[in-house]
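[1] Can you look at this prediction? I've put the sequence above it.
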Amino acid sequence: MARYELVKRSVALITLTNPPVNSLSSAVRHGIAKTMDRALSDPKVTAVVICGENGRFCGGADIREFAGPMRGPPLLPLLDSIEAGEKPVVAAIEGVALGGGLELALVCHYRIAHSKARLGLPEVTLGLLPAAGGTQRLPRLIGIPAALELITTGRHVSSQEALKLGIVDQVTEQNVCEVAVEFALRAVAKPLSSRRLSALTVPCPPDLDALLEAVTMQIQKKARGMMAPLACVQAVRAAATMPYSQGIKRESELMATLFNSGQARALQYCFFAERTAGKWTLPSGAQWNDTKPREIRSAAVIGLGTMGRGIAVSLARVGISVIAVESDKKLMETGRQMVIGMLERDAKRRGVSASLNLLKFTLSLQDLKDVDLVIEAVFEDMALKKRVFQELSKLCRPTTLLCSNTSGLDVDALAGVTDRPQLVIGMHFFSPAHVMKLLEVVCGPRSSSETIATAMSLGKRMEKVSVAVGNCPGFVGNRMLKPYSDQATFLLEEGATPEQIDKVLEDFGFAMGVFRMSDLAGLDVGWRVRKESGLTGPDVDPKNPPRRRQGRKYCPIPDMVCEQGRFGQKTGRGWYMYDKPGGTNAKPDPLIQNLLETYRSRYGIKPRNITDQEIIDRCLFALANEGFRILEDGIAARPEDIDVIYQFGYGFPRHRGGPMFYASMVGLERVLERLEHYHQAHPDVPHLEPSPLLKKLVACGSPPIQKWREHIKTMHSHL
Ligand SMILES: CCC/C=C/C(=O)SCCNC(=O)CCNC(=O)[C@H](O)C(C)(C)COP(=O)([O-])OP(=O)([O-])OC[C@H]1O[C@@H](n2cnc3c(N)ncnc32)[C@H](O)[C@@H]1OP(=O)([O-])[O-]
């Protein structure tokens, strides 16, 4: 796990060999200890270079090992002993030096980085802190403010920035190992004391307390209840105020608290869930790693509304030429200006030039004859979408992939009106599409494996987290949203207010509570869907709207809000009031309070005090319950996929893992017991009836989430 060679007769070259990222597994730590001993005790060796195999220095501790008991040599004393050695050690950094990887580099006496390398301490994103001396050594090297920023955000820096900050001594475009060996030879005669970071004093700013307080406040605002960033601040404070030996103890204490927390487990689960999500499999046996995607050079986007614009920007900025189609000249001109503006701002932020030459705007579908792929983003209306697909089917090359950005309509029905159902697939982007990372790739029963592979690979190229899902109304994300938001509106009837529910959900860690999110998305969208599905419409008595429809409980309050022209932020009024149409500063509205009170008295509902716990349990367990049904139905292949969708598409707090992971952490027995309790109280709410899969898992002793698949695999998959 660490290879030893003698080069240039006197330099020991130690290569970490643990693909794919040379993480510091117990075997690697053991290998480093052994090879370092050999280098330090061999009189022929005057200097040491440490590098990593396959162009990657080291991706840090082996995250998989965190779940089990600690084995092998602990990292911290191993690193301390490298720093204390009497022969110069040079880190040759290629690819990445992250987490424990950068901590390893920091105990080397010199650091040489390749120009394309990235460095950072991302432990905070895993719910941890850099506990192999990183919080104590980095501030000594680059000062408190810069170290605080890197450690509390986990941001990766380029080697050029690392050079400016003083993290590395040299950046090279040449073979970094060769450069490091030459560097090591020159370092042999030089004293090492000033190169041992633990022995340096921390350059302390005069306003340390004010700085730490400002950073703490900033984190409290942004971290939505995450503990790790605050622990990082405390560890850096220790570096500033204590000698190394005490600071390192404080670092370990803080790490111990984080390490055993549910948040760290959730964030590490998220790390692997994100990487598992791209790995789709079909019942036919075709899967992600044996199906070649097609190359996409040109694409078309139909419809330049909010979604179409974001999709066009996301395509053009990764080098794909885009033809954007609108039906009306004025709309096309507005769309053109918006897309160009967005692309220019995006390019400025990334420090690149905007690829405006890749864009073409047209009013004619005829111009799409030769594109490789089309993404339809017209109004959410099945008849209209079918007309578009029929026309595309006639116009486009027979090999062109036809994709729909529908957020919940039947992708197979669209495939059915074309001459190439195997080339039809859903690509459900989230608004704004150039910002949101999630892409649901909706596989119809007739989508070919090559089509799925192409949509998934295009998503990756567009820098999205792509998840393959099956075709059903609402797919995964929006299907689960319904029981969640239904519970929120039922709670309004019973005595809660929008601001109370939102506060509880936001304190839980959601980016936005359910009502603020609806105001942002537009309340008219759901209203139209309810009208189309016959749940509401002109036949409903406006004075006395029934509270039971289509055989189940129905809350008419959202319709009553819409009937007043309150469509959310865009109209300046929704569940909240805003300063102006398009305003974002939500304030509780007495008119909504009034509406709720009138409603309750009309139906003789005595409002009751609703606890925060009831809000959390009813909203989140209803959400997870639908997730279990989605797994049963084969619409999502694994719980990780659902959790990734909720983190990236719906602002679910990452440190809670996602709705399915949260259910597993709370305990499936408790979820089942609460759902049974609430279903008994509300027998006309089918979403509260515990799903058969949840019952089955509890009956099997509530296995850990990674084992749920074993209990679903016999069920039919729709992917
Ligand atoms: C006292 C302790 C203090 C120290 C704490 C730490 O260091 S905490 C750690 C701090 N370090 C970090 O937080 C860095 C975490 N890693 C990364 O950010 C990225 O992996 C990358 C930038 C290194 C490479 O990106 P990329 O897009 O080229 O590749 P990719 O992301 O697809 O990964 C490829 C495969 O490698 C796997 N794997 C990766 N890293 C680890 C690991 N450390 N461990 C185990 N496995 C790891 C990954 O699961 C995947 O496996 P699969 O699915 O093929 O079975």
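    Great, that's in hand. Residues are numbered from 1 along each chain as shown.
[2] Please report phi then psi for the residue in the stretch 201-350 of the chain positioned nearest to the ligand.
    Across the stretch 201-350 of the chain, the shortest distance to the ligand (C-beta to the nearest ligand atom) belongs to Arg275, at 4.1 Å. Yep, even glycine has a C-beta here, placed from its N, CA and C like the rest. Per-residue torsions, Arg275: phi -80, psi -30 (degrees, to the nearest 10).
[3] measure it to Met577 for me?
    Here Arg275 is placed at a distance of 43 Å from Met577 (C-beta to C-beta, to the nearest Å).
[4] on that earlier part again, just give me the neighbour total for the residue of the stretch 201-350 of the chain closest to the ligand.
    The burial count assigned to Arg275 is 12, neighbours taken as other C-beta atoms under 10 Å.
[5] Which pLDDT value goes with it?
    Listed pLDDT for Arg275 reads 94.
[6] Could you check how far it is from Trp288?
    Taken as C-beta to C-beta, the span from Arg275 to Trp288 is 12 Å.
[7] Spatially, and excluding backbone neighbours, which residue is closest to the residue nearest to the spatial centre of the chain.
    The residue lying closest to the centre of the chain (C-alpha atoms, centre = their mean) is Phe648, at 4.4 Å. What sits nearest to Phe648 in space, not counting adjacent residues and going by C-beta to C-beta, 6 or more residues apart in numbering, is Leu438, at 3.8 Å.
[8] what sits against the one you found?
    429-430, 464-465, 467, 477, 644-645, 648-649 (C-beta atoms under 8 Å, 6 or more residues apart in numbering).
[9] which of those come close to the ligand?
    Checked against the ligand using C-beta under 6 Å from any ligand atom, the contacts of Leu438 yield no neighbours at all.
[10] Save the residues you listed as CSV, and put in pLDDT and distance to Gln680 too.
    Listed next are the contacts of Leu438 as CSV, based on pLDDT from 0 to 100; distance: C-beta to C-beta, whole Å:
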residue, pLDDT, distance to Gln680
Phe429, 97, 40
Phe430, 96, 36
Lys464, 97, 42
Val465, 97, 38
Val467, 97, 34
Gly477, 97, 29
Val644, 98, 33
Ile645, 98, 30
Phe648, 97, 35
Gly649, 96, 32
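[11] out of those, who's nearest the ligand?
    Among the contacts of Leu438, and counting by C-beta to the nearest ligand atom, the member closest to the ligand is Val465, at 11.7 Å.
[12] For the stretch 501-650 of the chain, give the residue positioned nearest to the ligand.
    For the stretch 501-650 of the chain, C-beta to the nearest ligand atom, closest residue to the ligand: Glu640, 11.5 Å.
[13] Hmm, that residue is touching Phe272, no?
    Yes: Glu640 is within contact range of Phe272, at 7.5 Å (criterion: C-beta atoms under 8 Å).
[14] So these two - more neighbours on which side?
    Neighbours per residue (other C-beta under 10 Å) separate Glu640 from Phe272, with Glu640 holding more: 27 against 13.
[15] dump the residue contacts of the residue of the stretch 501-650 of the chain closest to the ligand.
    Glu640 is in contact with 269, 272-273, 276-277, 658, 660, 705, counting by C-beta under 8 Å, 6+ apart.
[16] make it 7 Å
    273, 276-277 (C-beta atoms under 7 Å, 6 or more residues apart in numbering).
[17] of all of the stretch 301-450 of the chain, which residue lies closest to the ligand?
    With C-beta to the nearest ligand atom, the shortest gap between the stretch 301-450 of the chain and the ligand falls at Lys437, namely 14.2 Å.
[18] so that residue touches Ser466, yeah?
    No: Lys437 is not in contact with Ser466 according to C-beta atoms under 7 Å; the separation is 9.5 Å.
[19] between these two, which one's more packed in?
    When neighbours are counted by other C-beta under 10 Å, Lys437 and Ser466 differ, and Ser466 comes out ahead with 24 against 16.
[20] Once you drop chain neighbours, what's closest to that one?
    Nearest one to Ser466, counting by C-beta to C-beta, 6+ apart, is Gly459 at 3.2 Å.
[21] Quickly find the element holding the nearest residue to Val424 once chain neighbours are set aside.
    Spatially, and ignoring its direct neighbours in sequence, Val424 is nearest to Ala415 (3.7 Å; C-beta to C-beta, 6+ apart). Using DSSP states H and E, the element containing Ala415 is helix 411-416.
[22] Cool, thanks, signing off.
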